[in-house]
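# Compute the structure for the input listed below.
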Amino acid sequence: MQAVLRRARAVAQTVAPVVLLGETGTGKEVLARAIHHGSVRAARPFVPVNCGAIPGELLESELFGHVRGAFSGAVADKPGLFEAASGGTLLLDEVADLPTPLQVKLLRVLQDGEVRRVGANRSLAVDVRVIAATHKDLGALVELGLFRADLYYRIKVLSLHLPALRERAEDVLPLARHFLAQERRPPHRLARPTEELLLSYTWPGNIRELSNAMRCASALAEGEEIEAHHLPEEVAQSAEAGSQRTSLRTLAEVEQEHVLTVLRACGGVQADAARVLGIGRNTLWRKLRAYGDSGPGPLP
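Numbers count the residues shown, from 1 in each chain. Next up, the predicted model:
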């Protein structure tokens with residue numbers, strides 16, 4: 001993350017388009033805001049829009065605006081988000097979900113620095129820095145014909161990849177304490193077993209899931225410490241599931257334990273142990289020789 005942030009500081013000093021890559025919940029919008037606030041555009045608007053949350057027929061109007069009478073319900077002129085972000089930064093979150101017709105129009109805006117409202121006859125100049133974000137593999141989508149190659153290379157002048165939380169375990173506890181400190185309830189501290197649980201969990205929802213987990217724990221905790229049972233069920237239960245996984249053993253391990261247990265019960269007499277186990281004495285001898293130093297210790 002230190003390397004990502006150093007690169008982000010350098011990126012902030014440019015005006016080129018940026019693509020932020022990473023799984024859902026890794027903090028792409030947070031990083032986009034940091035880039036904006038570290039740039040010369042910091043005093044101008046930062047406007048985020050989730051391209052996957054707005055139907056395609058409405059997204060064009062949201063991005064580029066429309067004029068009165070452009071379609072049913074357009075009772076007045078309306079500027080789009082590009083105009084609202086003029087002089088500042090527009091974050092196109094989940095840019096991979098843009099419908100193909102809008103990809104063409106976005107490419108035109110990036111090339112010409114102009115937008116045309118839906119239903120308008122003339123274009124308007126805009127000065128906007130575009131940051132695109134996605135959890136999908138844009139390169140793979142280009143190969144599949146699901147994302148325009150010309151737009152891909154236009155927006156991917158600079159790129160930053162945010163690692164998943166499971167790849168940066170050293171950040172888990174500092175982030176957890178940070179989120180706890182933001183809650184209105186009195187400060188809590190993490191119990192040691194809780195810290196171990198947070199470090200062992202894989203966090204499929206990344207930082208967003210960790211933030212929600214700390215909010216849940218803060219609400220449920222009654223004492224000074226956050227215990228495992230204060231965490232969301234899927235996090236708390238991961239410890240039990242992990243314990244069950246570690247308790248599973250191979251057939252060879254189970255056999256070895258049983259053979260040595262029987263041998264001890266027979267006082268170390270191999271003939272008696274072989275008879276109880278239902279195997280030949282030579283077979284038992286070979287097994288014991290194979291176990292070597294891997295057994296639980298000297299036999300009585």
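# List the contacts of the host helix or strand of Ala8.
Assigned by DSSP states H and E, Ala8 belongs to helix 2-12. Helix 2-12 is contacted by residues 18, 31, 34-36, 38-39, 158, 160-163 when judged by Cβ atoms under 8 Å, 6 or more residues apart in numbering. Placement of C-beta: from N, CA and C, glycine included.
# Out of the residues you listed, the closest to Asn212 would be?
Leu162 (18.2 Å; Cβ to Cβ).
# Downstream of the helix holding Ala8, the next helix or strand is which one?
Next helix or strand after helix 2-12 toward the C-terminus (DSSP H and E): strand 18-21.
# Ala96 belongs to a helix?
Yes: read with DSSP: H, G, I helix; E, B strand; the rest coil, Ala96 is one of the residues of a helix.
# Please name the residues that touch it.
Applying Cβ under 8 Å, 6+ apart, the residues contacting Ala96 are 51, 134, 136, 138, 141, 146-147.
# I would like a ChimeraX command selecting only the buried ones among those residues, please.
Filtering these down to the buried ones (16 or more other Cβ atoms under 10 Å) takes a single ChimeraX command:
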select :51,134,138,141,147
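# The residue nearest to Val75 when sequence neighbours are not counted - how many residues pack around it?
Distances taken as Cβ to Cβ, 6 or more residues apart in numbering place Arg68 nearest to Val75, at 6.5 Å, with adjacent residues excluded. Using other Cβ atoms under 10 Å, Arg68 has 10 neighbouring residues.
# Please point out which parts of the helix holding Ala8 sit buried.
Those would be 4, 8, 11-12, for helix 2-12 by 16+ other Cβ under 10 Å.
# Equivalent analysis for stretch 173-190, please.
Neighbour-count burial for stretch 173-190, with 16+ other Cβ under 10 Å as criterion, is recorded at 175-177, 179-180, 188, 190.
# These: which two are farthest apart?
Maximum distance among the buried residues of stretch 173-190 (Cβ to Cβ): 14.8 Å, for Leu175 and His188.
# Tell me the helix or strand right after the helix or strand bottoming out on mean pLDDT in the chain.
Among the helical and strand segments of the chain, the one scoring lowest on mean pLDDT, DSSP states H and E is helix 233-247, with a mean of 64. Going down the chain from helix 233-247, the next helix or strand is helix 251-265, by DSSP H and E.
# Show residues contacting stretch 158-165.
With Cβ under 8 Å, 6+ apart, stretch 158-165 has contacts from 1, 4, 7-8, 11, 14, 16-23, 25-28, 31, 171-172, 203, 206-207, 210.
# returning to that earlier point: please tabulate the buried residues of stretch 173-190 in JSON lines, including the columns distance to Val75, pLDDT and secondary structure.
As requested, those are exported to JSON lines (distance: Cβ to Cβ, whole Å; pLDDT from 0 to 100; DSSP: H, G, I helix; E, B strand; the rest coil):
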{"residue": "Leu175", "distance to Val75": "47", "pLDDT": "96", "secondary structure": "helix"}
{"residue": "Ala176", "distance to Val75": "49", "pLDDT": "95", "secondary structure": "helix"}
{"residue": "Arg177", "distance to Val75": "51", "pLDDT": "94", "secondary structure": "helix"}
{"residue": "Phe179", "distance to Val75": "44", "pLDDT": "94", "secondary structure": "helix"}
{"residue": "Leu180", "distance to Val75": "48", "pLDDT": "93", "secondary structure": "helix"}
{"residue": "His188", "distance to Val75": "52", "pLDDT": "82", "secondary structure": "coil"}
{"residue": "Leu190", "distance to Val75": "55", "pLDDT": "93", "secondary structure": "strand"}
